[in-house]
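Undergrad: Take a look and give me a structure for this.
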Amino acid sequence: MALIKTVRGFTPEHGENCYFAENATIVGDVKMGNDCSVWFSAVVRGDVNAIRMGNKVNIQDGAVIHATFEHSQTVIGNAVSIGHNAIVHGCTIKDNVLVGMGSIIMDNAVVEENCLIAAGAIVLENAHLESGFIYGGVPAKKLKPITPEAFKHYVDRIANNYVMYASWFKDENTGDG
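TA: Numbers count the residues shown, from 1 in each chain. The predicted structure follows:
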């Protein structure tokens, strides 16, 4: 069973049809919507500031979601996929975004809707990423517009697939979900 812990009087809350891997950690002031998943060794740490997630958000293996004390909370929209080993820290990510594996998004950055952040990209503090583009590099820069085909293949497909993957684990196990 995932570690779900009250910190400073805040207990994590979640909507319906969520899945949390056995060694996922979710603590403090965390609120997430329906159809969310937090995967193996992922950490969602709402101990120092609020973390808010919409519906159909997946936090993949080893990812860390955190914020900065008295400075910046983390807000994640709907249908967002946070790739393996990514770090999302004190920023805003709007709807329909894929954050690639190993990416880092820093405090007060804003990622507008319908974006893809390439694997290994670093989105610097206070950056503002425009809607409808693929970003990559260190620091992350606008690479090209995201085509409807790429959006469907990467952003939309991955968010939907993670709802399906979660169902496999809930079918095999009792308890979480």
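Undergrad: Backbone torsions only: list them for the closest residue in space to Phe20 that isn't next to it in sequence.
TA: Closest residue to Phe20 apart from its sequence neighbours, by CB to CB, 6 or more residues apart in numbering: Ala2 at 3.6 Å. The C-beta positions use only the backbone N, C-alpha and C, and glycine is treated the same way. In terms of degrees, to the nearest 10, the main-chain angles of Ala2 are phi -60, psi 150.
Undergrad: ok, now which ones touch Ala2?
TA: Phe20, Ala21, Glu22, Asn23, Ala24, Thr25, Ile26, Val38, Asp176 (CB atoms under 8 Å, 6 or more residues apart in numbering).
Undergrad: Can you give me the distance of it to Ser72?
TA: 25 Å (CB to CB, to the nearest Å).
Undergrad: same question, Met101
TA: 23 Å.
Undergrad: now the helices: where do they sit in the protein?
TA: 148-150, 157-172 (DSSP state H).
Undergrad: which residues sit against the shortest one?
TA: Where contact means CB under 8 Å, 6+ apart, the residues beyond helix 148-150 that reach it are Leu116, Ile134.
Undergrad: Flag every buried residue along it.
TA: By neighbour count on 16 or more other CB atoms under 10 Å, the buried set for helix 148-150 is empty.
Undergrad: tell me the mean pLDDT for that helix?
TA: Mean pLDDT, helix 148-150: 91.
Undergrad: what does stretch 70-85 give?
TA: The pLDDT scores in stretch 70-85 average 97.
Undergrad: Off-centre distance for that stretch?
TA: 4 Å (CA atoms, centre = their mean, to the nearest Å).
Undergrad: number of nearby residues for Ala140?
TA: 23 (other CB atoms under 10 Å).
Undergrad: And the residue nearest to it when sequence neighbours are not counted, what's its pLDDT?
TA: Excluding the flanking residues, the one nearest Ala140 by CB to CB, 6+ apart is Ala121, at 4.2 Å. If you check Ala121, the pLDDT there is 98.
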